[in-house]
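>>> Below is the structure, and that's it, no one-letter string:
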C-alpha cells in the first residue's frame, strides 16, 4: 500500500485555494455590478431634468410662481406630499398669497424643506412633478435662475 504525502508548495496553495476564490469573487462582483446598472441606473437617469424649456413648462402649467415653503406633510397613506408655499412672485394664473402644491413621495418626487424657495409650474389639479418644481438652492440647469426669472417676468409684462 502506497502512502501519498501532500506537498504544500506556494504554487499548490495558489492553484488550489486563492485562484478559485479570486475567480468566484470576480464573478460575484460582475453580477452585482450588472444588477446595479440594470435596476438603479435607469431610475436615477429618469429622475433627472435636463434641458427643460421654461417656455414649454409655462405653456403647459395652470399656474407659475416663485414660492417659499412654509409647511409640508404627507397626505393619506404617505404616497403623496403637500406643501404650502408663500407666493413671492407670480408669473401665470391667478395665484393666492399661499398656494398648495402636491407631489408624489417617490424617489423622483420633490422633497420639501421649510424656507426653501421654489420655482413652481403647477398643473390644473395643484400637482407638481420633479421637473416642474425647482428648488432655487439647487438650480443647476443649463441657464441660471436670474436669466429664467427675467424671461418669465418679460412674458408676464406682455400680457
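Nice, I can see it. Worth saying up front: this structure is predicted, and the values here are computed from it rather than measured. Residues are numbered from 1 along each chain as shown.

>>> so where do the strands sit in this protein?
63-75, 80-92, 98-104, 117-122, 133-135 (DSSP state E).

>>> what's the most buried one of those strands?
Of all those, strand 117-122 carries the top mean neighbour count, a mean of 23, counting by mean count of other CB atoms under 10 Å. The C-beta positions use only the backbone N, C-alpha and C, and glycine is treated the same way.

>>> Provide the contact partners of that one at residue level.
By CB atoms under 8 Å, 6 or more residues apart in numbering, the residues outside strand 117-122 that reach it are 57-58, 60-69, 85, 88, 93, 99, 101, 110, 128, 132-137, 139, 145, 148-149.

>>> so where's the chain uncertain?
1-26, 28-51, 105-110, 140-143, 157-159 (pLDDT under 70).

>>> re earlier: for the strands of the chain, which one sits closest to residue 52?
Nearest of the strands of the chain to residue 52, taken as CB to CB: strand 133-135 at 8.3 Å.

>>> If you count contacts, what does that closest one end up packed against?
Applying 3 or more CB pairs under 8 Å, 6 or more residues apart in numbering; DSSP states H and E, one finds that strand 133-135 contacts strand 117-122.

>>> quick one: strands adjacent to the strand it packs on?
strand 63-75 (antiparallel), strand 133-135 (antiparallel) (DSSP bridges).

>>> can you state the direction angle for it and strand 80-92?
With axes from the mean of the first three to the mean of the last three CA atoms, to 10 degrees applied, the angle from strand 117-122 to strand 80-92 works out at 90 degrees.

>>> Run the angle between strand 117-122 and strand 98-104 for me.
Using the same axes, to 10 degrees: strand 117-122 against strand 98-104 is 80 degrees.

>>> my read: residue 63 touches residue 95, true?
Yes - using CB atoms under 8 Å, residue 63 makes contact with residue 95 at a distance of 5.6 Å.

>>> how close does the residue nearest to residue 120 when sequence neighbours are not counted sit to residue 27?
Distances taken as CB to CB, 6 or more residues apart in numbering place residue 133 nearest to residue 120, at 5.0 Å, with adjacent residues excluded. Distance, residue 133 to residue 27, by CB to CB, to the nearest Å: 44 Å.
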